[in-house]
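In: just the structure for this:
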Amino acid sequence: MPSTYEPIATQTLGSSAATVTFSSISGSYTDIVAVITAKVAASSYDLSFRINGDSGTNYSFTALSGNGSTATSIRVSNASEGRGDYRAYMDTSEFNNYIIQFMNYSNSTTNKTVIARGNSAALGTDAVVNLWRNTAAITSIVFAPNFTGNFASGSTFTLYGIKAA
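Out: Model prediction:
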């Protein structure tokens, strides 16, 4: 990572887990970035997140997906969580990779924009632009497989702070 990236916390799952939480996030960075390598323990799920415990319908996202031969897009408003992917969802057969940037996260006067990129070797790639309609500074983030599944053992989650982005 560039020298402006500072590791804040890392979690590697030793067993399956329904959620991974980063809490008490310092407001001393410009942006924060989550780098995730994960798969699910059963079924197939999208990577979802909630900010500051908000499960209300305060999230919107637009996703662009491609698999080398077909491109698709979708727009969702009033969702109860943000998304790290849409078509390149997690399954039990492989680890997917994600980079999720929470921009201007500590600002307390604007809604928050979150850009996510994810990939699945079997399904393709996604780019997702999320909006959290809340002006509060981000102090915690919970990641989950659609808030209904479990991450598999061996999944890793690292949160970085970016200074002077």
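In: what about the residue lying closest to residue 11 once chain neighbours are set aside, which helix or strand?
Out: Nearest residue to residue 11, sequence neighbours excluded (Cβ to Cβ, 6 or more residues apart in numbering): residue 157, at 4.7 Å. Quick note: C-beta positions are derived from backbone N, CA and C, even for glycine. For residue 157, the host element (DSSP states H and E) is strand 156-162.
In: extract the CA atoms of that strand and return them as CSV.
Out: Provided in CSV are the C-alpha atoms of strand 156-162 (Å, rounded to 0.1, in the frame of the first residue of the first chain):
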residue,chain,number,x,y,z
THR,A,156,-9.6,-11.7,6.2
PHE,A,157,-10.6,-8.1,6.8
THR,A,158,-8.2,-5.2,7.1
LEU,A,159,-9.1,-1.5,7.7
TYR,A,160,-6.7,1.2,6.6
GLY,A,161,-6.7,4.9,7.3
ILE,A,162,-5.6,7.3,4.5
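In: list the buried residues in it.
Out: Using 16 or more other Cβ atoms under 10 Å as the test for burial, strand 156-162 gives 157, 158, 159, 160, 161, 162.
In: swap in stretch 82-96?
Out: Here stretch 82-96 shows 82, 83, 84, 85, 86, 87, 88, 89, 90, 91, 96 as buried, counting by 16+ other Cβ under 10 Å.
In: so who does the first one touch?
Out: This means residue 82. 48, 49, 50, 51, 59, 61, 114, 116, 130, 132 (Cβ atoms under 8 Å, 6 or more residues apart in numbering).
In: and the pLDDT at the first one?
Out: I take that to be residue 48. Here, the pLDDT recorded for residue 48 equals 97.
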